[in-house]
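> With the input below, show me the fold.
(one chain, ligands or ions: 2)
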Amino acid sequence: MNVLSEKDLKKLEELNNEHVMKLVHEYIELLRPSKVWVINDEQEDIDFIRQHAIDLGEEEKLNMKGHTIHYDSYYDQARDKKNTRILVTPDQRMSDKLNTIDREEGLKEIFEIMDGIMEGKEMAIRFFALGPTNSNFTQCALQFTDSFYVAHSEDILYRTGYEQFKELNGSDNFFLFVHSAGKLDGNVTCKDSIDKGRRIYVDLKGNRVLTMNNQYAGNSLGLKKLALRLAIYKANHEDWLTEHMFIMGLHPEGKDRVTYCTGAYPSACGKTSTAMVPGQSIVGDDIAYLRIVNGEVRAVNIESGVFGIIKDVNPIDDPVIYKTLTTPRELIFSNILINDGVPYWLNMGKGLPKSGMNHSGKNWKLGDKDAEGNEINYCHPNARYTIRISELENADPNLHNPDGVRIDGVFYGGRDSDTNVPVIESLSWEHGIFIGATVESETTSATLGKAGVRKPSPMANFDFLVIPLGLYYANHKKFGNRAGANCPKVFATNYFLKVDGEFTNAKLDKKVWLMWAEGRMHNEYDAIKTPIGYLPKYEDLKALFKQIFDKEYSEDDYVTQFSLRVQKLLEKLDRMEDLYKVEKDIPAFFWDILHTQRKELQELKASQGDLVSPFDL
Ligand code: SPV
Ligand code: MN
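Ligands and ions are numbered 1, 2, ... in the order given. Presented below is the predicted three-dimensional model:
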């Protein structure tokens with residue numbers, strides 16, 4: 001342990017936790033870093049991490065005070081689904097669609113990769129709290145990493161947890177994340193290491209994730225998508241939920257109230273922009289823990305920051321974020337274009353310089369090609385920013401409330417160009433689960449691979465699921481049923497509906513859908529009952545468009561957006577049947593809903609055809 005200073009060893013000893021001590025010993029021996037830093041909750045320690053990320057070249061200061069830029073390897077710009085695997089023991093059953101590997105085989109493989117991977121590098125030991133301090137929701141997380149960018153990001157995105165670890169009273173009830181960026185080429189992971197050794201192995205039985213040879217936050221940051229997987233496992237073996245959801249407060253004009261809701265959308269499908277709709281308040285934009293407390297559904301954001309997609313952030317569509325990104329504060333940009341110390345990104349509302357430093361290297365010029373012969377864009381479409389929620393002017397006052405907020409509504413949505421209406425309410429909690437279970441979405445740049453391919457995205461959480469789908473849905477049903485009369489209402493939204501290749505809605509129209517849903521949560525609007533849910537009435541949307549945007553909402557627009565695409569809906573049900581019939585133990589309510597919906601849609605088609613106007617329902 002000569003890699004640890006006496007002062008740092010003392011910090012570990014003060015935790016009085018033999019499990020932490022044992023892990024520190026074990027992993028130092030395996031990873032063999034040349035120096036190890038133990039970081040507690042003191043400002044001095046936290047400042048050191050940021051400065052060290054800069055000193056080591058993982059981040060570079062920009063002209064604006066507090067701003068830095070970090071780059072991931074050109075080949076590590078998004079989540080790597082192929083090499084993210086769940087380690088399973090022979091007694092563990094999983095869906096065939098989940099990426100699994102035998103636990104023994106997986107551990108053998110990754111421990112070989114980890115052997116000495118930190119030689120010549122420094123390692124940080126970090127303690128975090130996933131959730132507000134002193135909250136029953138909160139889980140403790142221990143992080144070992146040789147990336148000071150990762151450690152710095154986690155300071156912006158999460159709450160410190162050294163003091164919280166003391167409250168564990170020596171128990172091993174915490175998650176462990178071990179990360180190495182591997183061998184570096186300049187400041188980014190070598191291509192060869194990525195090709196041969198990028199692995200993200202989720203060890204449910206060991207309560208740990210081992211992730212090697214990567215830097216992109218969705219692959220590297222223990223507390224983000226890696227902890228999400230461990231928490232899904234834990235929650236589903238207890239009685240709570242872990243979801244890929246924003247949490248926000250809805251503030252309807254002229255009504256003196258705030259109504260909280262959550263929403264699950266696949267990555268890059270409007271989750272952050274929904275939570276940031278002007279005039280509303282944000283609790284979180286990515287991951288929520290939900291529990292029933294005194295008969296109410298309550299939720300906390302386990303994060304305290306936003307790791308958001310920067311593409312398209314401009315002063316018109318995202319005024320709050322744009323302002324936050326262009327004023328002095330501690331923030332990290334990743335994988336965008338820098339010219340002369342000034343940041344530029346795609347669709348920021350002004351022209352971009354034709355050269356500078358970007359995700360491909362220090363000296364990019366427009367027209368440059370990569371090794372595969374593809375032209376290199378100004379920025380990667382999945383380039384991001386990392387900020388604290390408390391820095392946003394629309395941060396909700398309950399952000400750190402240890403009891404969370406009461407949830408009255410849940411939204412599900414995907415990137416769907418041709419099937420679903422912009423907003424609809426489920427017929428029941430179970431039907432809401434059905435809506436979540438049947439989310440489909442066109443792939444985006446948030447994961448490696450081709451974009452624009454329609455794929456199932458159950459509950460927008462499928463990428464992170466580590467339990468059988470049937471168990472997951474059964475738990476959702478039990479959860480809502482336990483809430484009884486306080487069970488949230490469920491809505492499906494679709495911001496991406498197109499006709500003749502054009503979006504049928506403006507970006508901010510989502511505010512109207514949210515406010516209609518908010519009214520429904522308070523039983524304020526009538527609706528049209530259809531086989532797929534409760535559809536908004538024209539008069540209500542017309543009044544909301546007028547009130548919110550002072551805009552005349554035409555009957556034509558309503559018909560274009562809210563007609564039931566009966567044939568498309570039936571085709572979707574067929575796809576869902578194919579998807580789920582090979583899964584074991586899908587609860588009966590799912591099949592009942594699917595069969596009823598199909599029968600009713602077939603009847604509608606027989607009487608009124610493939611496309612039915614809401615005025616004819
Ligand atoms: C997502 O892709 O869903 C994100 C970003 O929130 S990350 O998971 O970190 O890649
Ligand atoms: Mn996400």
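> in stretch 8-24, what's buried?
Neighbour-count burial for stretch 8-24, counted by 16 or more other Cβ atoms under 10 Å, picks out 8, 11-12, 15, 17, 19-20, 23-24. All C-beta atoms are positioned from the backbone trio N, CA, C, and that covers glycine.
> The residue of the stretch 351-500 of the chain found nearest ligand 2: how many residues sit nearby?
Closest contact between the stretch 351-500 of the chain and ligand 2, by Cβ to the ion, is at Ala446 (7.4 Å). The tally of other residues near Ala446 (other Cβ atoms under 10 Å) stands at 19.
> residue contacts, it?
The contact partners of Ala446, by Cβ atoms under 8 Å, 6 or more residues apart in numbering, come to 78-79, 218, 266-268, 309, 382.
> Now narrow the residues you listed to whatever sits close to ligand 2.
Residues of the contacts of Ala446 in contact with ligand 2 (Cβ under 5 Å from the ion): Ser267.
> tell me the contacts of Val421?
Listed by Cβ under 8 Å, 6+ apart, the contact set of Val421 reads 494, 497, 535, 561-564.
> Around ligand 2, pick out the residues from the stretch 51-200 of the chain.
Going by Cβ under 5 Å from the ion, none of the residues of the stretch 51-200 of the chain are near ligand 2.
> Listing request: residues of the stretch 51-200 of the chain with sub-threshold pLDDT.
The stretch 51-200 of the chain contains no residues with pLDDT under 70.
> give me the element the residue in the chain that ligand 1 sits nearest to is part of.
When scored by Cβ to the nearest ligand atom, the chain has Gly218 as its residue closest to ligand 1, at 2.1 Å. Under the criterion of DSSP states H and E, Gly218 resides in helix 217-220.
> Flag every buried residue along that helix.
Within helix 217-220, the residues scored as buried using 16+ other Cβ under 10 Å are 217-220.
> wait, what's in contact with the residue nearest to Asn475 when sequence neighbours are not counted?
Closest residue to Asn475 apart from its sequence neighbours, by Cβ to Cβ, 6 or more residues apart in numbering: Asn236 at 5.3 Å. Contact analysis of Asn236 by Cβ under 8 Å, 6+ apart lists 242, 467, 471-472, 475.
> Could you write out the alpha-carbon coordinates of the lengthiest helix in the chain in PDB?
Taking DSSP state H as the criterion, the chain has its longest helix at helix 588-608. Presented in PDB, the C-alpha positions along helix 588-608 are these (Å, rounded to 0.1, in the frame of the first residue of the first chain):
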ATOM      1  CA  ALA A 588     -51.400 -12.200 -18.500                       C
ATOM      2  CA  PHE A 589     -52.600  -8.500 -18.300                       C
ATOM      3  CA  PHE A 590     -50.200  -7.700 -21.100                       C
ATOM      4  CA  TRP A 591     -51.700 -10.300 -23.500                       C
ATOM      5  CA  ASP A 592     -55.200  -9.300 -22.500                       C
ATOM      6  CA  ILE A 593     -54.600  -5.700 -23.400                       C
ATOM      7  CA  LEU A 594     -52.900  -6.700 -26.700                       C
ATOM      8  CA  HIS A 595     -55.700  -9.000 -27.800                       C
ATOM      9  CA  THR A 596     -58.500  -6.500 -26.700                       C
ATOM     10  CA  GLN A 597     -56.700  -3.600 -28.500                       C
ATOM     11  CA  ARG A 598     -56.300  -5.700 -31.700                       C
ATOM     12  CA  LYS A 599     -59.900  -6.700 -31.700                       C
ATOM     13  CA  GLU A 600     -61.200  -3.200 -31.200                       C
ATOM     14  CA  LEU A 601     -58.800  -1.700 -33.800                       C
ATOM     15  CA  GLN A 602     -59.900  -4.400 -36.300                       C
ATOM     16  CA  GLU A 603     -63.500  -3.400 -35.700                       C
ATOM     17  CA  LEU A 604     -62.600   0.200 -36.200                       C
ATOM     18  CA  LYS A 605     -60.800  -0.500 -39.400                       C
ATOM     19  CA  ALA A 606     -63.800  -2.500 -40.700                       C
ATOM     20  CA  SER A 607     -66.200   0.300 -40.000                       C
ATOM     21  CA  GLN A 608     -64.100   3.400 -40.700                       C
END
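> I figured Met459 was touching Ala437, is that so?
Yes. Assessed by Cβ atoms under 8 Å, Met459 is found in contact with Ala437 at 6.6 Å.
> and the residue of this protein nearest ligand 2?
Asp286 (4.5 Å).
> Can you tell me the element that residue falls in?
Judged by DSSP H and E, Asp286 forms part of no helix or strand.
> Name the nearest residue to it, ignoring sequence neighbours.
Nearest to Asp286 is Glu303, by Cβ to Cβ, 6+ apart, at 6.1 Å.
> now that neighbour: how far from Ser554?
Going from Glu303 to Ser554 by Cβ to Cβ, to the nearest Å gives 41 Å.
> These two: which is more packed in?
Legend: neighbour count by other Cβ under 10 Å for Glu303 and Ser554, higher for Glu303 (26 against 12).
> how many neighbours does Val439 have?
Here the number of neighbours of Val439 (other Cβ under 10 Å) works out to 26.
> actually Arg565, not the one I typed
A total of 17 residues lie near Arg565 under the criterion other Cβ under 10 Å.
> show me the contacts for Val559.
By Cβ under 8 Å, 6+ apart, the contact set of Val559 is 613-615.
> Is it in a helix, a strand, or coil?
Following DSSP: H, G, I helix; E, B strand; the rest coil, Val559 is assigned to helix.
> Up against ligand 1, what does the stretch 251-400 of the chain have?
Selection of the stretch 251-400 of the chain residues close to ligand 1 by Cβ under 6 Å from any ligand atom yields 267, 286, 307.
> export these to TSV and tack on neighbour count and pLDDT?
Output for these, formatted as TSV (neighbours: other Cβ atoms under 10 Å; pLDDT from 0 to 100):
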residue	neighbour count	pLDDT
Ser267	23	91
Asp286	24	97
Phe307	21	98
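> Can you flag which of the contacts of Asn236 belong to strands?
The members of those that map onto strands under DSSP state E are Thr242.
> which one among the contacts of Asn236 gets closest to Leu569?
When these are compared for distance to Leu569 (Cβ to Cβ), Tyr472 wins out at 23.9 Å.
> wait, the closest one sits on Val466?
No. Tyr472 is not in contact with Val466 according to Cβ under 8 Å; the separation is 9.6 Å.
> so what's in contact with those two at the same time?
Ile232.
> domains for the protein, by residue range?
Domain assignment of the chain by automatic domain parsing yields the ranges 6-59+73-235, 243-304+399-616, 307-391.
> end-to-end on the second one?
Spelled out, that is domain 243-304+399-616. Using Cα to Cα, to the nearest Å, one end of domain 243-304+399-616 lies 37 Å from the other.
> Next: the shortest one.
Start to finish, the residues bounding domain 307-391 are 13 Å apart (Cα to Cα).
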